[in-house]
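Colleague: model the structure of this input:
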Amino acid sequence: MSKNKVQFQVGFSALEFIDNFGVEEQCVKYLESLKWPNGFKCEECDHNKCYQYKSGSRTVYECKSCRKSHRLTAGTLFHRTKIELRKWFLAIHQISQSKNSISALELHRHIDVNHKTAWLMKQKIMQMMYEEDNKYKLKGIVEIDDAYLGGKLEGGKRGRGSENKSPFIAAVETNEKRKPIFVKLTPVHDFTYPTVKQWAHKHLKKNCCTISDGLRGFGALKEMSHHTVLVTSKAKKEEIESTFKWVNTILSNVKTSISGTFHSLKFDKYGFRYLADLQFRLNRRFDLRKMFFGLISNAMASAQKPIRYLNSSLTG
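Modeller: Predicted coordinates for the structure are as follows:
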């Protein structure tokens, strides 16, 4: 039996990370190369020479022509951070290279910050992941299912009527050979027709092909796609397994990952970010090394994410 290339890839190893980003100056130089790939350039006057001086622990780049001051991480994910960049880089490394995600409790041990700081750093990184994948619209053949996050509530209902579970839509884009291409794990308030319609307009490309079970709300998918329904109560087991192969496989992996890593997660409040974390890594699983460097680039291109912004985004 041949080895699975995705599972056995080397990725960006810890030793290579230490060699490249183990010292703060290495991280600064790398971010400089992202911000100014052809050398310093003033955003005010386009001059290419600057003075450099320290302000606290950070370097200020002052244009020699117009004297405008530039800060390397201003307006980015790292905006006004008091945490060393090498710790940010290590946090991104740990999150991107882990198989089943990493909890804030574990992260704080790895990067030597307190638990509250580790939690906030992880929330910012996951929010960035969420926003990045939110831009993509599914096309081709899309398997869709309803799913839930959360545990059992003593004496409560099970399944779709549970009071203790947070609903989300799981969708997997596949190509003509029915190989998985892109995953969307999207929290929703419910699975009613209006909610599914809103989800479809936001996440599906017009005239793609969707497949779902007979849940009434999924009827809204026909407004955006060529929709096929498989009534699972009347279908054979083999037909169900082949039709929903990838969405069921991914849902199984997601639930295993979350239950095995996080033990006190507020699904209704933060669940969309934890789903985004899993989703982002699933969508880039073929190249772990590229995922790490891509996240660093995204962090520099991303807007700042203060606590008030994170709190305003809690609805997903």
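
Colleague: D287: neighbour count?
Modeller: Residues contacting D287 under the criterion other CB atoms under 10 Å number 14. C-beta here means a position set from N, CA and C on the backbone, and glycine is covered the same way.

Colleague: and what of S257?
Modeller: Per other CB under 10 Å, the neighbour tally for S257 reads 19.

Colleague: for the chain, what spans make up the strands?
Modeller: Using DSSP state E, the strands of the chain run over 50-55, 58-63, 69-71, 141-149, 166-174, 180-187, 208-212, 225-229.

Colleague: of all those, which one comes closest to L120?
Modeller: For these, the distance to L120 is smallest for strand 58-63, at 19.1 Å, taking CB to CB.

Colleague: what comes into contact with the closest one?
Modeller: Under the contact criterion CB atoms under 8 Å, 6 or more residues apart in numbering, strand 58-63 has outside partners 28, 40, 42, 44-45, 47, 49-54, 68-73.

Colleague: go with 6 Å
Modeller: By CB atoms under 6 Å, 6 or more residues apart in numbering, the surrounding residues in contact with strand 58-63 are 42, 47, 50-53, 69-70.

Colleague: filter the residues you listed down to the buried ones, PyMOL style.
Modeller: Buried residues within the contacts of strand 58-63, as defined by 16 or more other CB atoms under 10 Å, are selected in PyMOL through the command that follows:
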select buried, resi 42+50+70
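
Colleague: tell me which two of the contacts of strand 58-63 sit farthest apart.
Modeller: For the contacts of strand 58-63, with distances taken as CB to CB, the pair at the greatest spread is H47 and Y53 (17.0 Å).

Colleague: what residue ranges in the stretch 151-300 of the chain score low on pLDDT?
Modeller: Per-residue confidence of the stretch 151-300 of the chain (counting by pLDDT under 70) places the weak regions at 151-164, 260, 263-265.

Colleague: let me see the mean pLDDT of stretch 22-31.
Modeller: Averaging the model's pLDDT scores along stretch 22-31 yields 97.

Colleague: could I get the buried residue list for that stretch?
Modeller: Under the neighbour-count criterion of 16+ other CB under 10 Å, stretch 22-31 has 26-28, 30-31 buried.

Colleague: stretch 90-109: end-to-end distance?
Modeller: When the termini of stretch 90-109 are compared using CA to CA, to the nearest Å, they are 12 Å apart.

Colleague: tell me how far that stretch lies from the chain's centre.
Modeller: A distance of 13 Å separates the centroid of the chain from that of stretch 90-109, by CA atoms, centre = their mean, to the nearest Å.

Colleague: likewise for stretch 228-245?
Modeller: Computed by CA atoms, centre = their mean, the separation of stretch 228-245 from the middle of its chain amounts to 30 Å.

Colleague: who touches that stretch?
Modeller: Counting by CB under 6 Å, 6+ apart, 143, 211, 213-214 sit against stretch 228-245.
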